[in-house]
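Colleague: Can you look at this prediction? I've put the sequence above it.
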Amino acid sequence: MKLPIFLLLLLLSLITQTSLSKVTISVTPTTLQKSGDTVTISWSNVDSPSKLDWLGLYSPPDSPHDHFIGYKFLSSSPSWQSGSGSISLPITNLRSNYSFRIFHWTESEINPKRHDHDHNPLPGTAHFLAESDVVGFESGHGPEQIHLAYTDDEDEMRVMFVVGDGEERSVKWGERDGEWSHVSGARVVRYEREDMCDAPANGSIGWRDPGWIHDGVMKDLKKGVRYYYQVGSDSKGWSTTRSFVSRNGDSDETIAFLFGDMGTSTPYATFIRTQDESISTMKWILRDIEAIGDKHAFVSHIGDISYARGYSWLWDHFFTQVEPVASKVPYHVCIGNHEYDWPLQPWKPDWANAVYGTDGGGECGVPYSLKFNMPGNSSDSTGTRAPATRNLYYSFDTGAVHFVYISTETNFVAGSSQYNFIKQDLESVDRSKTPFVVVQGHRPMYTTSNENRDAPMRNKMLEHLEPLFTKYNVTLALWGHVHRYERFCPVNNFICGSTWKGFPVHAVIGMAGQDWQPIWEPRSDHPNDPIFPQPARSMFRGGEFGYTKLVATKEKLTLTYVGNHDGKMHDMVEFLASGEVLSGDDSISVDAGARIGVVDSTFSWYVKGASVLVLGAFVGYILGYASHSRKQNGNKASWTPVKSEDI
């Protein structure tokens with residue numbers, strides 16, 4: 001007996017629906033304690049699996065299919081071809097629950113117009129297969145994203161943290177763990193979606209609840225003493241105990257870890273590039289902090305902080321990642337283009353049209369201004385309902401060094417408030433107390449790469465700021481923005497000075513995580529890439545990810561460049577209080593022709609060694625580039641990730 005055609009179609013439909021309904025997804029555990037805890041997502045019965053089938057992360061769980069936090073291809077699981085598998089992921093607390101969804105996707109459905117930051121197609125959501133149960137975080141475990149900072153008073157330490165509500169929180173501290181001799185309330189601030197100035201920051205894809213930012217100050221601290229502290233409340237829970245060593249104004253010793261352009265890493269792919277090398281940077285700095293024991297130190301991150309660029313949850317990833325360091329030592333910052341730049345920013349003179357763009361992702365400095373609270377009271381109106389941009393320029397002393405932070409994103413030319421601050425600050429330095437002066441800002445005054453877009457900016461810095469640096473004998477000027485390390489001779493107006501006095505050494509230290517690493521030699525497969533010759537004023541260039549470490553007393557300041565691939569020193573420069581500058585093991589002397597001469601004939605071996613290091617860094621970069629393009633995301637099928645210049 002033959003069945004009518006409509007019955008056959010109905011039966012086929014039921015079979016298909018039954019087949020689809022067999023796809024299962026589970027997640028364990030469903031309750032987590034803190035950011036960074038791991039969940040395992042398992043699935044089974046995926047029919048005819050494609051290597052582009054993918055797992056999406058959603059927070060909050062009711063987000064539309066295309067508003068995922070991130071994604072992983074199921075093919076990253078070894079057993080994916082069987083239709084079953086599992087993926088384990090550490091999860092960051094976004095103060096909202098998560099869910100996980102599985103989608104089927106094939107190469108024929110790739111939409112080249114919908115792509116990520118590296119021009120790879122974003123996965124399609126047309127074929128939804130299954131959704132997990134909700135995953136959440138336990139309450140009562142206290143605040144997260146804890147980070148310290150100096151205030152304007154040497155006997156204080158600021159602590160900031162994030163929670164999911166605006167209820168009152170406090171900080172309690174003492175000289176012994178559990179013996180809290182002091183307690184102080186924390187003020188609370190928050191920003192809203194309407195405070196963002198552009199997409200994606202104010203769009204439903206990029207915006208997420210930022211939580212409530214609490215800010216407490218520990219006061220009346222003794223000099224050079226280790227203090228223990230907790231933040232939170234009795235009703236909502238306290239953090240685990242953290243500790244720090246207070247500043248000691250009587251000590252001339254200074255220890256700092258300095259870098260720019262670090263960003264954060266995510267265990268999944270998302271709409272924009274994230275920075276895997278940031279993990280190594282934090283790992284080695286944490287090693288160094290633990291090695292110095294009860295000595296005081298601080299971190300200096302000079303712009304391009306999280307690279308969130310309007311995707312709110314990346315700020316949460318960043319603070320979770322740096323918390324092991326930032327809860328032990330003060331974490332200081334200055335503003336970069338990826339925190340601030342947007343088309344309608346208040347200060348954008350004609351010469352800066354090619355300089356300032358949309359790099360801030362519509363954040364217009366708001367998360368940066370509220371999530372950090374640096375010394376001083378510098379600010380600049382946004383011209384919108386958004387709060388004023390803060391943490392622009394400030395200074396402080398620690399040990400034998402006077403540190404100055406400036407903003408390359410807001411007005412710095414003669415007559416501006418910032419220019420007046422820099423001038424007054426430099427002329428008031430007590431060189432008997434702090435014989436060394438270090439200035440830091442994001443975009444470099446000197447660099448031998450990226451010679452086009454930022455050229456007008458550098459010209460204005462040379463015109464307005466360099467005369468101040470030379471007049472007031474700045475020791476060292478540190479910059480980010482270019483994602484590599486480069487150190488110059490004592491220089492003024494592109495000429496190496498005959499003596500150090502009055503001629504700062506400039507160094508670019510933007511190599512802490514962002515993975516667009518320019519090179520200086522031509523490549524056969526990239527004939528149109530620019531080639532950046534190394535002039536005599538450039539003493540050392542390295543493409544290795546890493547950071548710098550500064551150690552100073554009143555007699556000597558030493559800056560070392562540490563590579564992430566081995567945790568060892570790759571370059572060093574020393575400044576003596578007498579004014580002499582030592583490079584590596586050799587003292588530098590400079591003649592009137594600005595050609596570098598060397599006191600010791602062993603310099604030729606130093607150059608050879610530096611060349612080997614540069615070649616090694618280049619080879620390491622190529623290998624790292626290939627590794628990063630595969631990342632943890634699993635098989636990306638037939639397309640090739642393309643990395644464009646992104647500074």
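Modeller: Good, I have the coordinates.
Colleague: Can you give me every residue that contacts Val135?
Modeller: If you count contacts by CB atoms under 8 Å, 6 or more residues apart in numbering, Val135 has them with Val27, Pro29, Thr30, Thr31, Leu32, Val39, Ile91, Asn97, Tyr98, Ser99, Phe100. Quick note: C-beta positions are derived from backbone N, CA and C, even for glycine.
Colleague: Tell me where the stretch 351-500 of the chain has helices.
Modeller: If DSSP state H, counting those that start in this stretch is used as the criterion, the helices of the stretch 351-500 of the chain fall at 366-371, 417-427, 455-464, 466-471.
Colleague: Number of residues surrounding the nearest residue to Pro123 once chain neighbours are set aside?
Modeller: Excluding its sequence neighbours, the residue lying closest to Pro123 (CB to CB, 6 or more residues apart in numbering) is Trp54, at 4.7 Å. For Trp54, the neighbour count with other CB atoms under 10 Å is 25.
Colleague: what sits against Trp54?
Modeller: Tyr71, Lys72, Phe73, Leu74, Ile102, Phe103, Trp105, Pro123.
Colleague: May I ask which two of these are separated the most?
Modeller: Largest separation among the contacts of Trp54 by CB to CB: Lys72 and Trp105, giving 12.5 Å.
Colleague: How much space separates the residue nearest to Pro123 from Glu167?
Modeller: 39 Å (CB to CB, to the nearest Å).
Colleague: cool, and His338?
Modeller: 32 Å.
Colleague: Nearest spatial neighbour of Arg114, chain-adjacent residues omitted?
Modeller: Using CB to CB, 6+ apart, the nearest residue to Arg114 is Leu122, at 5.0 Å.
Colleague: And the strands in the stretch 251-400 of the chain, which stretches?
Modeller: Counting by DSSP state E, counting those that start in this stretch, the stretch 251-400 of the chain has strands at residues 254-259, 298-302, 331-334, 379-380, 389-390, 394-398.
Colleague: The second one versus strand 394-398: what angle between them?
Modeller: So that's strand 298-302. 150 degrees (axes from the mean of the first three to the mean of the last three CA atoms, to 10 degrees).
Colleague: Can you list the neighbours in contact with strand 298-302?
Modeller: Against strand 298-302 from outside (CB under 8 Å, 6+ apart): 150, 255-260, 262, 285, 325-326, 329-334, 336, 398, 403, 405, 440-442, 478-480, 509-510, 512.
Colleague: and it, how far out from the chain's middle?
Modeller: When distances are taken as CA atoms, centre = their mean, to the nearest Å, strand 298-302 is centred 11 Å away from the chain's centroid.
Colleague: Let me know the average pLDDT across it.
Modeller: If you average the pLDDT over strand 298-302, you get 98.
Colleague: Same check on the fifth one?
Modeller: Mean pLDDT, computed over strand 389-390, is 96.
Colleague: Please state the offset of that strand from the chain centre?
Modeller: 18 Å.
Colleague: where do the helices sit along this structure?
Modeller: Per DSSP state H, the chain carries helices over the ranges 5-21, 277-291, 313-326, 337-340, 366-371, 417-427, 455-464, 466-471, 603-630.
Colleague: Now do the same contact list for the residue positioned nearest the centre of the chain.
Modeller: The geometric centre of the chain, computed from its C-alpha atoms, lies nearest to Gly263 (CA atoms, centre = their mean), at 2.6 Å. Residues counted as contacts of Gly263 (CB under 8 Å, 6+ apart) are Thr274, Gln275, Ser278, Asp304, Ile305, Ser306, Tyr307, Phe318, Ala512, Gly513, Gln514.
Colleague: Make a ChimeraX selection of the buried ones in these.
Modeller: Buried residues within the contacts of Gly263, by 16 or more other CB atoms under 10 Å, are selected in ChimeraX with:
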select :274,275,278,304,305,306,307,318,512,513,514
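Colleague: Could I get the contacts of Gly263 in JSON lines, plus columns for distance to Glu363?
Modeller: JSON lines is the format used below for these (distance: CB to CB, whole Å):
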{"residue": "Thr274", "distance to Glu363": "16"}
{"residue": "Gln275", "distance to Glu363": "17"}
{"residue": "Ser278", "distance to Glu363": "19"}
{"residue": "Asp304", "distance to Glu363": "12"}
{"residue": "Ile305", "distance to Glu363": "11"}
{"residue": "Ser306", "distance to Glu363": "10"}
{"residue": "Tyr307", "distance to Glu363": "11"}
{"residue": "Phe318", "distance to Glu363": "13"}
{"residue": "Ala512", "distance to Glu363": "20"}
{"residue": "Gly513", "distance to Glu363": "19"}
{"residue": "Gln514", "distance to Glu363": "17"}
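Colleague: Now do the phi/psi pair for Ala199.
Modeller: Main-chain dihedrals, Ala199, degrees, to the nearest 10: phi -80, psi 150.
Colleague: ditto for the one 3 residues further on
Modeller: Main-chain dihedrals, Asn202, degrees, to the nearest 10: phi -100, psi 10.
Colleague: Tell me the confidence at it?
Modeller: Per-residue pLDDT puts Asn202 at 96.
Colleague: So it is in contact with Glu194, correct?
Modeller: Yes: the pair Asn202 / Glu194 is scored as a contact, 7.3 Å apart, by CB atoms under 8 Å.
Colleague: what is the mean pLDDT for stretch 581-597?
Modeller: Taken as a whole, stretch 581-597 carries a mean pLDDT of 47.
Colleague: Could you list the domains of this structure?
Modeller: 24-137, 250-518+531-583 (the TED database).
Colleague: so how many other residues sit close to Thr38?
Modeller: Neighbours of Thr38 (other CB under 10 Å): 12.
Colleague: That one pairs with what?
Modeller: Beta-bridge pairing of Thr38 under DSSP bridges involves Pro90.
Colleague: Quick one: residues contacting Asp454.
Modeller: Asp454 touches Val355, Arg443, Pro444, His481, counting by CB under 8 Å, 6+ apart.
Colleague: What is the nearest of those residues to Phe137?
Modeller: For the contacts of Asp454, the nearest to Phe137 is His481 (36.2 Å; CB to CB).
Colleague: contacting residues around that closest one?
Modeller: With CB under 8 Å, 6+ apart, His481 has these contacts: 260-261, 303-304, 336-337, 408, 442-444, 447, 450, 454, 508, 510, 647.
Colleague: What about these, which one has the most neighbours?
Modeller: Counting neighbours by other CB under 10 Å, Gly260 comes out on top of the contacts of His481 with 33 neighbours.
Colleague: what bits of the protein have low per-residue confidence?
Modeller: 1-21, 450-451, 498-502, 516-526, 529-530, 584-647 (pLDDT under 70).
Colleague: same thing but 80
Modeller: 1-21, 450-451, 498-502, 515-532, 583-647 (pLDDT under 80).
Colleague: if we can go back for a sec, which of Asn202 and Glu194 has more residues huddled nearby?
Modeller: Taking neighbours as other CB under 10 Å, Asn202 and Glu194 compare with Asn202 leading, 19 against 11.
Colleague: got the domains of the chain as CSV, with distance to Lys172 columns?
Modeller: Below are the domains of the chain laid out as CSV (distance: least, CB to CB, whole Å):
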stretch, distance to Lys172
domain 24-137, 20
domain 250-518+531-583, 15
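Colleague: what's the most buried one of those?
Modeller: domain 250-518+531-583 (a mean of 21; mean count of other CB atoms under 10 Å).
Colleague: Please measure how far the first residue of it sits from its last one.
Modeller: Domain 250-518+531-583 has an end-to-end distance of 29 Å (CA to CA, to the nearest Å).
Colleague: same deal with stretch 347-361?
Modeller: Taking CA to CA, the first and last residues of stretch 347-361 lie 17 Å apart.
Colleague: hmm, back to that, how about the contacts of Asp454 in JSON lines, adding distance to Pro210?
Modeller: Below are these laid out as JSON lines (distance: CB to CB, whole Å):
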{"residue": "Val355", "distance to Pro210": "28"}
{"residue": "Arg443", "distance to Pro210": "27"}
{"residue": "Pro444", "distance to Pro210": "31"}
{"residue": "His481", "distance to Pro210": "26"}
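Colleague: For the residues you listed, which two are the farthest from each other?
Modeller: So for the contacts of Asp454, where distance means CB to CB, the most widely separated pair is Val355 and Pro444, at 12.7 Å.
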